[in-house]
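Asker: here is the input, now give the coordinates:
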Amino acid sequence: MPPRPKNKTAMIVWIVIGVFFGCCILPIGLVTGLGFWGFSKVKSFAGCMFAYQDVQRGVLKYAGEHGGKLPKAETWQDDVRESYRASMRPKREMGPFEEMAPDGDWGCKDSNGVMSGMAFNSDLSGKKLDDIKDQVSTIMLFETEHPAKNQHEKYQPRDFANSPLMFGSHRGWMEVAVSGPPWMTDKSGRHVPLNTGPGAGGGGSPFDVQVKPNPGPDDK
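Answerer: Residues are numbered from 1 along each chain as shown. Just a heads-up that it's a prediction; the model follows:
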């Protein structure tokens, strides 16, 4: 008897499946994986932005409850802890982002999970808000190399080359003045505002980074 013809239809189906997997499914998986990796790297940075602004709100709330006076530098973290807790955003507003825990170390994690610190400007220790002439440029909280309880020191600009990492590159130092959104100092020492909150920057996104830097307090 003559040999049976091969089932070419089945072979074509398997070829099509293989091409579809190679051209479509695999790239989608790679893109999804890379996107998840990138999001996990930037998630801590977004939470850090929220933390700096909410601690700022907590400090101002404390001042409002203590005759307009800012906390003492030596105990500032302990003094404003509950005010910060009350100023934290609801989880429904934070979405996938996580804010700094009130009872843990105060600072930010970089893209490698290394923790920085948050310090209070000791020049503002116990000072009355009404006595601070330029509240938009006077730095109240700033990022340091390592976390420490009630960390405080006189504010001085830090070396960009020692700042926390993001995607393998230095991102600059997080800072926030007495009034206004947090910012980062770029390599030239200028300030890049970081607007947080629903609708920040007019777009309705949870946070917004303005690419064009505004002048810092020492820029003329």
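Asker: quick one: the residue lying closest to Asp105 once chain neighbours are set aside from Glu93, how far?
Answerer: Distances taken as C-beta to C-beta, 6 or more residues apart in numbering put Pro147 closest to Asp105, at 3.9 Å, once the chain neighbours are dropped. Yep, even glycine has a C-beta here, placed from its N, CA and C like the rest. Counting by C-beta to C-beta, to the nearest Å, the gap from Pro147 to Glu93 is 25 Å.
Asker: which of those two has more residues huddled nearby?
Answerer: Neighbour count, other C-beta atoms under 10 Å: between Pro147 and Glu93, Pro147 has more, with 16 against 13.
Asker: in three-state terms, label the residue lying closest to Met118 once chain neighbours are set aside for me.
Answerer: With C-beta to C-beta, 6+ apart as the criterion, Met118 has its nearest non-adjacent residue at 4.3 Å, and that residue is Trp106. Reduced to three states with DSSP: H, G, I helix; E, B strand; the rest coil, the structure at Trp106 is coil.
Asker: so who does Trp106 touch?
Answerer: Contact analysis of Trp106 by C-beta atoms under 8 Å, 6 or more residues apart in numbering lists Ala51, Val55, Gln77, Met100, Gly117, Met118, Pro147, Gln151.
Asker: just the buried members of these?
Answerer: Ala51, Val55, Gln77, Met100, Gly117, Met118, Pro147, Gln151 (16 or more other C-beta atoms under 10 Å).
Asker: surely the fourth one is in a helix?
Answerer: This means Met100. No - per three-state DSSP, Met100 lies outside any helix segment and is coil.
Asker: OK, contacts around the closest residue in space to it that isn't next to it in sequence?
Answerer: Leaving aside its chain neighbours, Met100 sits nearest to Ala51 (3.8 Å; criterion: C-beta to C-beta, 6+ apart). Taking C-beta under 8 Å, 6+ apart as the criterion, Ala51 is in contact with Glu99, Met100, Trp106, Cys108, Met118.
Asker: identify the bridge partners of the last one.
Answerer: For Met118, the beta-bridge partners are Glu143 (DSSP bridges).
Asker: was I right to think it contacts Tyr52?
Answerer: Yes - with contact defined as C-beta atoms under 8 Å, Met118 reaches Tyr52; the gap is 7.3 Å.
Asker: what helix or strand does Arg85 sit in?
Answerer: helix 76-87 (DSSP states H and E).
Asker: show me what that helix is packed up against.
Answerer: Helices and strands touching helix 76-87, by 3 or more C-beta pairs under 8 Å, 6 or more residues apart in numbering; DSSP states H and E, are helix 26-64.
Asker: average pLDDT for the helix it packs on?
Answerer: For helix 26-64, mean pLDDT is 70.
Asker: can you list the weak-confidence ranges in the protein?
Answerer: 1-43, 195-220 (pLDDT under 70).
Asker: kindly provide the distance from the residue lying closest to Asn121 once chain neighbours are set aside to Lys91.
Answerer: Nearest non-adjacent residue to Asn121, counting by C-beta to C-beta, 6+ apart: Tyr155, 4.4 Å away. As judged by C-beta to C-beta, Tyr155 and Lys91 stand 32 Å apart.
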